[in-house]
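Q: Sequence first, predicted coordinates after that:
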Amino acid sequence: MALLSHATIGRTMLAVYNLHLKSRNGDDLRRSQLADVLNETLRYGLDVPVIVAGDFNFDVTKPGNACVYETGFQNPFADLRLRTPRSLSFARSSVID
């Protein structure tokens, strides 16, 4: 699921994609969903800032998930390596997406 919003700040239009990628199935499906959205953003010229955020349900910093970087997007959280806390529902913690 993706929600696309446009905002105008001053004279600059901003495109914001709020995603919730599928939480079940594997990372291949989520990579495909994310790649579809990133390809969709190509319709904007370089003068339109684009933000893609939301619940990706996987670690976008893993090498196999590099489709984010191949499209020129920057992940501001990549170097933070924050992890989700352990809970009763999940046996291990994971990197925050």
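A: Structure's in. What do you need?

Q: gap between the nearest residue to residue 21 once chain neighbours are set aside and residue 20?
A: Leaving aside its chain neighbours, residue 21 sits nearest to residue 30 (4.4 Å; criterion: Cβ to Cβ, 6 or more residues apart in numbering). C-beta: built from backbone N, CA, C; applies to glycine. Taking Cβ to Cβ, to the nearest Å as the measure, residue 30 falls 10 Å from residue 20.

Q: what touches both of the two?
A: Counting by Cβ atoms under 8 Å, 6 or more residues apart in numbering, the common neighbours of residue 30 and residue 20 are residue 57.

Q: out of the two, which sits in the more crowded spot?
A: residue 30 (21 against 13; other Cβ atoms under 10 Å).

Q: Now that one: which helix or strand?
A: Using DSSP states H and E, residue 30 maps to helix 27-40.

Q: Following the chain onward from that helix, which element is next?
A: Following helix 27-40 toward the C-terminus (DSSP H and E): strand 50-55.

Q: List the contacts of that next one.
A: 2, 14-21, 23, 37-38, 41, 44, 73, 97.

Q: before we move on, back to that, I'd like to know which elements the helix holding residue 30 is packed against.
A: strand 12-20, helix 67-70 (3 or more Cβ pairs under 8 Å, 6 or more residues apart in numbering; DSSP states H and E).

Q: in that helix, what's buried?
A: 27, 30, 31, 33, 34, 37, 38 (16 or more other Cβ atoms under 10 Å).
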